[in-house]
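**Student:** Could you look at this predicted model? Sequence included:
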Amino acid sequence: MKRCWVCGIVLGSLWAGGCQQAAMHLATRTTETGAADAAALGPAIEQLSAETEDERTAAIFQVAEAIDRNAAEAGYVTQIVLLIQRGIAEQTRMLATVEDPEARLRLSQVMQFNESLSRFAMDMLELPAEQRRKMLAWGFDPQHVDAVNLAYAADSDRRVEGARALAQFKGPEADTLLAVLVDDYERDASLAAMDVMGDRPASDILVDALWRKAVEYPMMQFGQNYGLGLMEQNAISRTSGSPKTLNIHGRMVQIYDYERGTMQYSRRVMDGDVACEILVTWKAPRVEEKLVALFAMLAEPRNDPNKMRWRILSPDYGYTGVNLRRMVEAYRPKAAVPYLIARLSTGAGDGYNQMINNQMYRYSARVDALALLVKVTDQNAEDYKLVNMPMWGGRWLMAGDEKQEEAAAKKMKEWWGVHFKEYGATDAKVPDVGGGGSFGRGMRLQRD
């Protein structure tokens, strides 16, 4: 029984590793290879379930080398794949007929193991060829395969264990799998991965994963798809408003896929504040590079009638603004200043006045921009009548009303006229905001 159990694992590993090797060569090899008889490999495939590790390893290499030598022969490769699949099916059938409880438990473990490794292999097929080869070789190495099995398990509790298991490994391969777990739709797995990331060096892979969580996914609510590929945009944008229609015995039935639509997007953006906290702590140069690229994109003149890109830094419109403000304050990219100056010319139509302790205060997306400008340019908040309100989550309000907001915006533009060269501008003209249009009323204020 032990022999069959090992065979199932080895065959599953060979399927992912060997077929990957063949797939790489199919696109590159053009020389004619001898049409070998796949059936002749029967003894080697049988040895995949040998009792000793040396015999099993030798058998793996023998089959993999045969695939490599004949990779240009699609029919040959297909025959080997079918033999491997049939071997797995036959041994699974044999195990399934055994009444011994321990044997059935082992069968369940083997099937779960192979299922996890299959998910891993399919995920890696999306990577560029060289990275794909390295990831598969790393993942099927005996040192790492248990961690990979946990990271791709069907149960989220086991994926949490997978994140913890990956913590012991250094390098881009472990970082890649942690990045996958950050996007996990279950919060416990995603949070566990971020917890592990916080104790690791700030590699590009980890920064990119946390940036997506903290910035790119939340920005989709503003109609901004910065950094996301078209396929990913379409996958995340799918909501219950686009149902499937099935013909069920002559009756047309519509299925609203809430789980793969709205819920998946909501889970992606959840806990972006945790990702932001790690990015702020790291002080990684790649984060500053991403901030510079983001503000360069946002400041470009464009047709933007609702001017949503000017609201991104405001806590009125969700935690994207909270996360970005924290990173801007931590990294202080000069590229943010021209964008924020341009924001001052977009009007004040989304603000509110509120009486607090017999004093009129004002908050708006433009006040938010003013406060951030004061912070990153080391100016005095009192000069602009800005007051920090701890009971509002540390938000900055302006003492006064619309008139004071206009006066503060004018004062900041005058400051820009003196300091514009320090921020890469060639003249003191306020950057073009583009688009036109006016703000609608603001959304719910975010308070802690």
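**Tutor:** Right, received. Where do you want to start? Numbering: from 1, shown residues only.

**Student:** SS state for residue 360?
**Tutor:** strand (DSSP: H, G, I helix; E, B strand; the rest coil).

**Student:** Quick check: beta-bridge partners of it?
**Tutor:** residue 355 (DSSP bridges).

**Student:** That one: neighbour count?
**Tutor:** By the criterion of other Cβ atoms under 10 Å, residue 360 has 14 neighbours. To be clear about C-beta, it is placed using only N, CA and C from the backbone, and glycine gets the same treatment.

**Student:** By average pLDDT, which secondary structure element in this protein comes out worst?
**Tutor:** Least confident helix or strand, the chain: helix 2-26 with a mean of 39, by mean pLDDT, DSSP states H and E.

**Student:** where along the stretch 101-250 of the chain do the helices fall?
**Tutor:** Here the stretch 101-250 of the chain has its helices, by DSSP state H, counting those that start in this stretch, at 101-124, 129-139, 145-151, 156-166, 172-182, 187-197, 204-211, 217-219, 230-237.

**Student:** Helix or strand: which one has residue 366?
**Tutor:** helix 365-376 (DSSP states H and E).

**Student:** So which elements touch that helix?
**Tutor:** Contact analysis of helix 365-376 by 3 or more Cβ pairs under 8 Å, 6 or more residues apart in numbering; DSSP states H and E lists helix 319-331, helix 336-343, strand 386-389, strand 395-399, helix 402-419 as its packing neighbours.

**Student:** ok, back up a step: now render the helices of the stretch 101-250 of the chain as JSON lines, adding mean pLDDT.
**Tutor:** As requested, the helices of the stretch 101-250 of the chain are exported to JSON lines (pLDDT from 0 to 100):
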{"stretch": "helix 101-124", "mean pLDDT": "78"}
{"stretch": "helix 129-139", "mean pLDDT": "87"}
{"stretch": "helix 145-151", "mean pLDDT": "93"}
{"stretch": "helix 156-166", "mean pLDDT": "97"}
{"stretch": "helix 172-182", "mean pLDDT": "96"}
{"stretch": "helix 187-197", "mean pLDDT": "96"}
{"stretch": "helix 204-211", "mean pLDDT": "96"}
{"stretch": "helix 217-219", "mean pLDDT": "82"}
{"stretch": "helix 230-237", "mean pLDDT": "46"}
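
**Student:** which stretches of the stretch 201-350 of the chain have low pLDDT?
**Tutor:** Along the stretch 201-350 of the chain, the model assigns pLDDT under 70 to residues 221-242, 257-265, 301-307, 347-349.

**Student:** that older thread, buried ones in the helix holding residue 366?
**Tutor:** 365-376 (16 or more other Cβ atoms under 10 Å).

**Student:** Also stretch 326-345?
**Tutor:** By neighbour count with 16+ other Cβ under 10 Å, stretch 326-345 contains the buried residues 326-328, 330-331, 333, 335-344.
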